[in-house]
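Student: Give me a model of this one.
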Amino acid sequence: MFTEEQQKWVDGYTSSILKLSREFPRGTFSDVVAWAEKPYGRGGNQDLYIGLVGNGEKIAKLFGFRTDDPGDFGVKGIWIANALKRVGGLDNSGFKDVGMHGVHISEFLDRMKNTAFGWDGKTPPFSDVTFRFIVEPGYPWPASDEVEKRYQDWIGGFSYWSAKKHKQIAPAKPTWFIDVEDPDRYTGAMRGVNPCAAFPPNDTRSDPGGPVAGTIKGQLVTLTHCVRNEVSDDSIEKVRDCGGFLFPSLAVGPIPATNFGTIVFVFPLEMVLRSLKPYRRRGAHPTWVYNTDAWTAQTGELTRSVPEFLFEELHGHRGFYEGSHMWTLGPPRTPSSNAPVDMRVLETTAQLGAAAKKISRLWKRDITEAKFGVLSKPEGMTDFASKYAYCEAKATEVVAVNDLPYIIAPMKLRGPVERLVNGLGYDGEVLLIKDDF
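Tutor: From the prediction side, this is the model:
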């Protein structure tokens, strides 16, 4: 892939960057890799890519992806400048200028590029050098079939340099690729990563016999997802092939969201409890929990847009920008600009109990049809924030079908429910009730 001169430079420079990566919090980065987007180049007309391979959660924490404040970066310019000085041979002036200000992820990648020019007093034997993050378990891979074929024709296949292993690596082609409808306008990427493969279903219950309902601050709370009885064979097949529900939107409150359908999937309440203090483990977010219906993206939208981002983050093609989200962590904390103005992310079970009680108070059990219509925009709440009588949780993973303890539906829907159960391969308990609800 590289000339002798280029290989010598890549070896020395990536070794220095590997030393730098070890200055960051333990476990953030595991390797530094280098590759070119074309397998040939003489006279320095190759563009070189340097990838910092690391843990997505720790990179996110470092650059403020887990906060609503876009300026809340966990790493300061002066800290990076001092780390570069300790390594030696790397220009730190680009970060010294930032001082005590936090460094955004795109700014970090852009300023790291400057360390390549003049490294150890040498000019890179490449036309350009670009830095990327590669989220584990990813590794470099060409953006299109055309580039992949070019590598195959010229040198027998794609490979990249690993500073940690100190050798050229010829990786196997990933099996999780899927085609995307439109190539990325910036990178030209023609590939996506199947989200169901990137987020394989884990057991969402540490206690399989755990609660499906509970009382928080005096408010009954359940966790449910509702569908209509006309679920298509295609939708059923997609859930089955995925191994479960991809990033489902869940109603959190005393009643299920039957306005979206009267077949109710009951999810383990533990999914929400483990996302909130005092039960949340460090770094764990099985769900994002909101004080209202948050209008989060539907699964169909996500399966169209997310694969391309996953490919770019896992295989070295993502250029981050201000306000961008790291999709290898699942759906974003703040769902969209269209969310109700009163929507906020909840951090504790106490906040959830208070929010659920505030909304459900408006929706009496014996509510009339006329009152039901009036409540679409009640006094004291704005922008339809309490249009529905529940809060919302957005799962950040695939939830296995058989992690669900119950499916509940009206008895008159026995036929559609049996079709759904058989199609999904669900082996949990089905409860059919006599009356509509």
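Student: Lowest average confidence across helices and strands of the protein, where is it?
Tutor: helix 369-374 (a mean of 60; mean pLDDT, DSSP states H and E).
Student: Could I have the CA atoms of the next helix or strand after that one written out in CSV?
Tutor: Downstream of helix 369-374, the first helix or strand assigned by DSSP states H and E is strand 391-395. Extracted in CSV, the C-alpha atoms of strand 391-395 (Å, rounded to 0.1, in the frame of the first residue of the first chain):
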residue,chain,number,x,y,z
CYS,A,391,-44.1,9.9,29.6
GLU,A,392,-41.8,8.3,27.0
ALA,A,393,-38.7,6.1,27.0
LYS,A,394,-36.6,5.4,24.0
ALA,A,395,-34.6,2.2,24.0
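Student: Counting by contacts, list what strand 391-395 packs against.
Tutor: Judged by 3 or more CB pairs under 8 Å, 6 or more residues apart in numbering; DSSP states H and E, strand 391-395 is in contact with strand 249-253, helix 270-273, strand 287-290, helix 349-360. C-beta: built from backbone N, CA, C; applies to glycine.
Student: what about the helices in the protein?
Tutor: For the chain, the helices defined by DSSP state H occupy 4-21, 56-62, 77-87, 93-96, 105-116, 145-155, 195-198, 233-242, 270-273, 299-315, 349-360, 369-374, 414-424.
Student: now for these, which one comes closest to Gly27?
Tutor: Of all the helices of the chain, helix 56-62 sits nearest to Gly27, with 6.0 Å by CB to CB.
Student: before we move on, the earlier item: dump the helices of the chain to a markdown table, plus mean neighbour count.
Tutor: Below are the helices of the chain laid out as a markdown table (neighbours: other CB atoms under 10 Å):
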| stretch | mean neighbour count |
| --- | --- |
| helix 4-21 | 18 |
| helix 56-62 | 20 |
| helix 77-87 | 18 |
| helix 93-96 | 18 |
| helix 105-116 | 20 |
| helix 145-155 | 14 |
| helix 195-198 | 21 |
| helix 233-242 | 14 |
| helix 270-273 | 24 |
| helix 299-315 | 21 |
| helix 349-360 | 20 |
| helix 369-374 | 10 |
| helix 414-424 | 15 |
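Student: Next, count neighbours for Gly27.
Tutor: Using other CB atoms under 10 Å, Gly27 has 10 other residues around it.
Student: That one and Gly64, how far apart?
Tutor: Gly27 sits 18 Å away from Gly64, taking CB to CB, to the nearest Å as the criterion.
Student: how about low-confidence regions in the protein?
Tutor: Within the chain, the segments meeting pLDDT under 70 span 39-44, 65-74, 182-189, 202-209, 283, 322-323, 336-338, 364-387, 435-437.
Student: Which residue lies nearest the spatial centre of it?
Tutor: The chain has Gly330 as the residue nearest its centroid, 2.1 Å off, counting by CA atoms, centre = their mean.
Student: residue contacts, that residue?
Tutor: Contacts for Gly330 (CB atoms under 8 Å, 6 or more residues apart in numbering) come out as 199, 247, 285, 395-397.
Student: quick revisit: could the helices of the chain be laid out in a markdown table, adding distance to Val180?
Tutor: Output for the helices of the chain, formatted as a markdown table (distance: least, CB to CB, whole Å):
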| stretch | distance to Val180 |
| --- | --- |
| helix 4-21 | 30 |
| helix 56-62 | 21 |
| helix 77-87 | 34 |
| helix 93-96 | 34 |
| helix 105-116 | 23 |
| helix 145-155 | 12 |
| helix 195-198 | 12 |
| helix 233-242 | 17 |
| helix 270-273 | 30 |
| helix 299-315 | 5 |
| helix 349-360 | 37 |
| helix 369-374 | 42 |
| helix 414-424 | 27 |
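Student: Nearest to Leu432 among the ones you listed would be which one?
Tutor: Leu432 lies closest to helix 414-424 among the helices of the chain, at 5.9 Å (CB to CB).
Student: Next, the angle helix 233-242 makes with the closest one.
Tutor: Taking axes from the mean of the first three to the mean of the last three CA atoms, to 10 degrees, one finds that helix 414-424 is oriented at 40 degrees with respect to helix 233-242.
Student: tell me how far helix 414-424 is from the chain's mean position?
Tutor: Here the centre of mass of C-alpha atoms in helix 414-424, compared against the chain's by CA atoms, centre = their mean, to the nearest Å, lies 31 Å away.
Student: ditto for stretch 268-286
Tutor: 17 Å.
Student: how long is it end to end?
Tutor: 11 Å (CA to CA, to the nearest Å).
Student: what's the neighbour count on Gly54?
Tutor: Close neighbours of Gly54, defined as other CB under 10 Å, add up to 21.
Student: any idea what sits nearest it, other than its immediate chain neighbours?
Tutor: Among residues not flanking Gly54 along the chain, Phe29 sits closest, at 4.0 Å (CB to CB, 6 or more residues apart in numbering).
Student: Now do the contacts for that neighbour.
Tutor: Contacts here follow CB under 8 Å, 6+ apart; on that basis Phe29 touches 21-22, 52-55.
Student: among those, which are in strands?
Tutor: 52-54 (DSSP state E).
Student: any chance of those residues in TSV, with distance to Val193 too?
Tutor: As requested, the ones in strands among the contacts of Phe29 are arranged in TSV below (distance: CB to CB, whole Å):
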residue	distance to Val193
Leu52	19
Val53	16
Gly54	17
